[in-house]
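1. just coords:
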């Protein structure tokens, strides 16, 4: 609004004077709907409410009609229904002075006109000074609005609290234990996870995030069942409140989004993971062979957008990158990955590659696979190359189906032992299922399995399958209930093991 007003004032000095120096109800009631209404008028006589009795009228009349420099309304009025004040006359005079001085010719006629201009300037010096001061002040205020003060740094707080109630049920004994030696723990438990995200921006195109969290919930994993295949997504015990993630996102160019992480970086923070909209188990959350890092802590990454349908993502993570010493620092244990994403209409596909270097043995199944897939290295250096493919498509506006496949080749640097791990999954999501805002998600797949091995590594003999069915019921925009059911068939890739069942109710509060 201020910019529009300033443009109007520059086009019509008369309106400027009337706006700042005249208080009149009739004038204030008039509306100007477009700057175009301020047409140029080239004769003082055309301005019907200007009194001709003013001593300077004839002088200004002579100047403005000779040099065409008076602006007014097309209907020939100032729309004030009153005589011109000295300030208004100064505004009119101000509109002519610069142009008149530029166009005054040399010779007797020009000298007469210049004398007339100087006399008018002297007479209205005070009013001209006031007028120009007002314009300068308005210019400064508009500059403040449009310039340095247009963006104000603020911090925003978002929170999420989850109450998790559930349990696992299955054989009498924990998987992998002798009969009667270690009971399967099938108690119902209640835990929680709390997250607070503090975000701020400094340019309007960047974001600094600090995530605080505290959690205390059983994992439903090997400590209770004997296998991590039953592990749920919301789990862990952090003890006190701690900083979980600290990252800064920015745009170095129009087509590049970059981020730097001082804490909490994982490969899925840089490479998009395709999955069901909701899930309960850790395995169903994302492809564990390619989208979970062996070294999670510091990192950096970027998404390079070639066009609306194609982008390339890269990411680097390291553990103990903030510490010196052998195996630590940015050059210590690390993961580096890249992913090419393509989409066309409702179909999208991503191809992923991740290389990892570890120094103290690594769980390449990321606590989702068999015992054989859970640890390599034994104190020796270990490296791996992981390959993945993921794809999904929309069936109508509310249904998405898709899947992923992952393969990891592992090599121990000292012993030369090697192994190959594989996993896969298919998934589906249905939005607005039974009620608007609700979501049904289903995932079925094979958790990480050692399909070939040499040396001390051991190949899995059979095949496990996992089914995850989760439903999110939206109570309000900030409260949801999410019951989930899962089953692990032939746990630990062993047909002799009985099926493990699990049920979880996640109550989520957002603020």
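-> Cool, got the structure. These figures come from a predicted structure and were not determined experimentally.

2. how near is residue 226 to residue 498?
-> Using CB to CB, to the nearest Å, one obtains 11 Å as the distance from residue 226 to residue 498. Where C-beta positions appear, they are placed from N, C-alpha and C, glycine not excepted.

3. who's more crowded, those two?
-> Neighbour tally, residue 226 and residue 498, criterion other CB atoms under 10 Å: the higher count belongs to residue 226, 24 against 15.

4. follow-up on the earlier one: mutual contacts of residue 226 and residue 498, please.
-> residue 491 (CB atoms under 8 Å, 6 or more residues apart in numbering).

5. beta-bridge partners for the most centrally placed residue in the chain, please?
-> For the chain, the residue nearest the mean C-alpha position is residue 207 (7.5 Å; CA atoms, centre = their mean). For residue 207, the beta-bridge partners under DSSP bridges are residue 249.

6. what's the spacing between it and residue 266?
-> 18 Å.

7. burial count for residue 208?
-> Residue 208: 16 neighbours (other CB under 10 Å).

8. go on, residue 424?
-> 19.

9. who's the closest residue to it other than its chain neighbours bridged to?
-> Closest residue to residue 424 apart from its sequence neighbours, by CB to CB, 6 or more residues apart in numbering: residue 405 at 4.6 Å. When assigned by DSSP bridges, residue 405 has beta-bridge partners residue 389, residue 424.

10. mind checking the SS state of residue 118?
-> Secondary structure assignment for residue 118 (DSSP: H, G, I helix; E, B strand; the rest coil): helix.

11. I should have written residue 370 there, sorry.
-> Applying three-state DSSP: residue 370 is coil.

12. cool, and residue 284?
-> helix.

13. circling back: please tell me I have it right and the residue nearest to the centre of the chain contacts residue 200.
-> Yes. Taking CB atoms under 8 Å as the definition, residue 207 is a contact partner of residue 200 at 7.4 Å.

14. low-confidence ranges in the protein?
-> Within the chain, the segments meeting pLDDT under 70 span 1-111, 131, 144-153, 177-182, 321-331, 359-361, 377-379.

15. could you list the domains of it?
-> 44-148, 156-510 (the TED database).

16. name the stretch among those domains that sits most buried.
-> Across these, averaging neighbours per residue (mean count of other CB atoms under 10 Å) puts domain 156-510 on top, at a mean of 18.

17. list the contacts of residue 467.
-> With CB under 8 Å, 6+ apart, residue 467 has these contacts: 442, 443, 444, 486, 487, 489.

18. hey, what's the fourth one bridged with?
-> In other words, residue 486. residue 468, residue 502.

19. any idea how far it is from residue 123?
-> Distance from residue 486 to residue 123, by CB to CB: 92 Å.

20. can you tell me the closest non-neighbouring residue to residue 278?
-> residue 441 (3.9 Å).

21. partners of the helix or strand encompassing residue 257 in the sheet?
-> Using DSSP states H and E, residue 257 falls within strand 256-265. Next to strand 256-265 in the sheet, as set by DSSP bridges, lie strand 242-253 (antiparallel), strand 297-307 (antiparallel).

22. in TSV, list the ones you listed along with distance to residue 386.
-> Formatted as TSV, the strands paired with strand 256-265 follow (distance: least, CB to CB, whole Å):
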stretch	distance to residue 386
strand 242-253	23
strand 297-307	16
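
23. can you say which of those is nearest to residue 424?
-> strand 297-307 (25.5 Å; CB to CB).
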